[in-house]
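Engineer: give me a 3D structure for the following:
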Amino acid sequence: METVRYERRGHVAWVTLNRPERKNTLVAESFRLLASAWDEVRTDPRIRVAVLTAAGTEDFCCGGDIGEYIAPRTGADGGSAQAPPDYRAALLLDEPLYKPIIAAINGRALGGGTELLEATDVRIAAEHATFGLPEAKLGIVPGAGSMVRLTRQVPYAHAMRILLTGDHIDARTALDWGLISEIVPGGDLLARAAELAERIAANAPIAVQTIKRIALETHTQDWATAFEAEAAATAAVGETEDAKEGPAAFLARRRPEFKGR
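Structural biologist: Sure thing, here's the model as predicted:
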């Protein structure tokens, strides 16, 4: 059984962590398959949005498997302190992905599970979901993006409380702090993710990807540089066929047919 399942449904890619019997923890194969999934999303022109979720109803992802991943990586078991070769690609730490990613969080998201969420854009959580970065309690650090991403995604004091205490927070707190977008009953989670994915996929793909690209690239730039990048992107999108199709469809009172051109 593969530790990550990949499926395309129309314009939406579904990426599912698939080790529910082991709390959907990550092993070397998980990183390899996640990296492969993101590459497929990036390169397949049919895909306009991805949904990241997990099998089962208790755990989204409880991080790296301590026995098969964490201990070998730190050398605690006498092995080599090497990270899997695909873990950076799996966490989108090097090459960005400009197609939107929706996270459907079906349970506990701890350690690497929370770090995976930080690489997504829209985050829907089941009401029983919990979140946390317990690495400091194990003598290690959340080094798959959290020390950089988290303070840029939620207010600094909240981010540092999560990072430094290692404590868990519930879904309501995560929503209040801005870590997730919304909370739904567990039984409604996948339907809500599918609904949002289809709404995004119905929009002009070049426009959607440009919005995400500019948001990511300008996040730490000075205002003048950021506005210059935004203006250039706006002009480029305005030259596309989709930019002409949208207003034409609006005036004709019909649904636009975006081609990604």
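
Engineer: next, the buried residues of stretch 202-210.
Structural biologist: 203-210 (16 or more other CB atoms under 10 Å). The way it works is simple: take the backbone N, C-alpha and C, and place the C-beta from them, glycine included.

Engineer: of the residues you listed, which is the nearest to Trp38?
Structural biologist: Of all the buried residues of stretch 202-210, Gln209 has the smallest distance to Trp38: 14.1 Å, by CB to CB.

Engineer: give me the nearest residue to that closest one, chain neighbours excluded.
Structural biologist: Tyr98 (4.3 Å; CB to CB, 6 or more residues apart in numbering).

Engineer: which SSE is that neighbour in?
Structural biologist: Counting by DSSP states H and E, no helix or strand carries Tyr98.

Engineer: what about it, distance to Ala231?
Structural biologist: 18 Å (CB to CB, to the nearest Å).

Engineer: just Pro142 next, same as before
Structural biologist: 36 Å.

Engineer: equivalent analysis for Glu239, please.
Structural biologist: Counting by CB to CB, the gap from Glu239 to Ala231 is 13 Å.

Engineer: what lies in contact with the one helix or strand Ile214 maps to?
Structural biologist: In this structure, Ile214 sits in helix 205-217 according to DSSP H and E. For helix 205-217, contacts defined as CB atoms under 8 Å, 6 or more residues apart in numbering pick out 48-49, 96, 98-100, 121, 200, 229-230, 233, 236-237, 240, 242-243, 258, 260-261.

Engineer: got it, and stretch 165-179?
Structural biologist: Counting by CB under 8 Å, 6+ apart, 108, 110, 117, 123, 125-137, 153-155, 158, 161-162, 180-183 sit against stretch 165-179.

Engineer: looking at those residues, which are in strands?
Structural biologist: Among these, the members falling in strands (DSSP state E) are 108, 110, 123, 125-126, 130-132, 182-183.

Engineer: rebuild the residues you listed as TSV, extending it with pLDDT.
Structural biologist: Output for the ones in strands among the contacts of stretch 165-179, formatted as TSV (pLDDT from 0 to 100):
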residue	pLDDT
Arg108	97
Leu110	97
Arg123	98
Ala125	98
Ala126	98
Thr130	98
Phe131	98
Gly132	97
Glu182	98
Ile183	98
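
Engineer: out of the residues you listed, which is most surrounded?
Structural biologist: Ala125 (29 neighbours; other CB atoms under 10 Å).

Engineer: ok, that residue - contacts?
Structural biologist: Counting by CB under 8 Å, 6+ apart, Ala125 has contacts 105, 171, 174-175, 180, 182-184, 189.

Engineer: try Ala194
Structural biologist: 12, 51.

Engineer: average pLDDT for the helix or strand hosting it?
Structural biologist: Assigning secondary structure by DSSP H and E places Ala194 in helix 189-201. Confidence for helix 189-201, expressed as mean pLDDT, is 98.

Engineer: check which residues of that helix are buried.
Structural biologist: Here helix 189-201 shows 189-190, 192-194, 196-197, 200-201 as buried, counting by 16+ other CB under 10 Å.

Engineer: chain center to that helix: distance?
Structural biologist: 14 Å (CA atoms, centre = their mean, to the nearest Å).

Engineer: now swap in stretch 214-228 and tell me
Structural biologist: That offset, for stretch 214-228, works out to 21 Å (CA atoms, centre = their mean).

Engineer: try stretch 20-39
Structural biologist: Taking mean C-alpha positions (CA atoms, centre = their mean), stretch 20-39 and its chain are 14 Å apart.

Engineer: likewise stretch 18-28?
Structural biologist: 17 Å.

Engineer: contact partners for the nearest residue to Arg42 once chain neighbours are set aside?
Structural biologist: In this structure, Arg42 finds its nearest non-sequential neighbour in Leu97, 5.6 Å apart by CB to CB, 6+ apart. Residues in contact with Leu97 (CB under 8 Å, 6+ apart) are 38, 41-42, 50, 119.
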